[in-house]
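# what follows is a protein structure lacking sequence information:
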């Protein structure tokens, strides 16, 4: 604007004014043409550069999308492989559970020797580290429940070893002395797991009783697991030794105490693992605890055994609520 103003103020007067006016007109025309041509070239250059940058960006995005797609396919392939492996593992565990369940005695077998009985068996996982054992030698029945170290696969392997050893000790040797049975079981676990040469401390807690059906004399030995009984609405217990089965200690002589109890008609015997009492739940997220568990048994002991089993199961699930089951659960009850 300033330049145009200078041009305007410097316009010649007289005859030269027309010449100057024509020159100025041509100057303005050529200037506009130059600016127009320059603008066209600039626009074409800018448009070309934009297209090139857009193409580069598109190529980069396409390459990135291709990489993402490849990564997605690889992740899906891996997930499919893991899923297939998980299915195979779960199928194997279900097969192991079928084997484990098959070797457990049936409640019907126990009922052949007693008025009434129940077994509440609730594994934490597909397979269990708890197991129960029942056999009959002449007129003596042997009942045991065992809580092996760990749960899941590790506990299940230990339960298979323990069950096999009990069958050898009782079934083959016809031994009906609980304390001696536990001592031989301990020796068998130490030998089977080579615990004298290794750091393995696996084993089990167990309650084992033998009942002479003729004399109604019960003999008991326990490794950290008691025997609880109710007679005439009064509860009592035979306490175990504070010793586990398995876990070799060279400075320890593993000897178990044998106790006797003269049983009577309608006495109820309970043996159990610690999984029930150790379950977290309730309003405050606390354990059931052994005291409350025994009070529950006392409150329901007059019910038929099948109803006792149902009541115990319902109470357990109600108490557990949203909490995960923390351990395998095993409770066995028999009515004399």
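Okay, I see it. Quick caveat: nothing in here was measured; it's all calculated off a predicted structure.

# from now on I want contacts and neighbour counts done on CA atoms only, so please keep to that.
Fine.

# so the spatially most central residue of the chain: helix, strand or coil?
For the chain, the residue sitting closest to the mean C-alpha position, by C-alpha atoms, centre = their mean, is residue 125 at 6.3 Å. When classified by DSSP: H, G, I helix; E, B strand; the rest coil, residue 125 comes out as coil.

# now it, nearest residue through space, not along the chain?
Distances taken as C-alpha to C-alpha, 6 or more residues apart in numbering place residue 152 nearest to residue 125, at 5.4 Å, with adjacent residues excluded.

# thought that neighbour was touching residue 124?
Yes: when contacts are counted by C-alpha atoms under 8 Å, residue 152 is listed as touching residue 124 (7.2 Å).

# who's in contact with residue 273?
Residues in contact with residue 273 (C-alpha atoms under 8 Å, 6 or more residues apart in numbering) are 130, 145, 146, 147, 206, 225, 329, 330, 331.

# what about those residues, which one has the most neighbours?
residue 130 (34 neighbours; other C-alpha atoms under 10 Å).

# sorry, back to before: distance of the residue nearest to the centre of the chain relative to residue 204?
Going from residue 125 to residue 204 by C-alpha to C-alpha, to the nearest Å gives 18 Å.

# got it, and residue 190?
Applying C-alpha to C-alpha, the value for residue 190 to residue 204 is 11 Å.

# try residue 144
Taken as C-alpha to C-alpha, the span from residue 144 to residue 204 is 12 Å.

# more neighbours: those two, which one.
residue 204 (27 against 23).

# so that one makes contact with residue 147?
Yes: contact criterion C-alpha under 8 Å: residue 204 and residue 147 qualify, at 5.4 Å.

# shared neighbours, residue 190 and residue 204?
Counting by C-alpha under 8 Å, 6+ apart, the shared contacts of residue 190 and residue 204 are residue 246.

# what's the domain layout of this structure?
When the chain is parsed with automatic domain parsing, its domains come out as 16-103, 105-335.

# mean confidence for the shortest one?
Here the mean pLDDT over domain 16-103 is 65, rounded to a whole number.

# equivalent analysis for stretch 118-135, please.
For stretch 118-135, mean pLDDT is 93.

# so how far is that stretch off the chain centroid?
In this view, stretch 118-135 has its centroid 17 Å away from the chain centroid, taken as C-alpha atoms, centre = their mean, to the nearest Å.

# thank you kindly, that will do.
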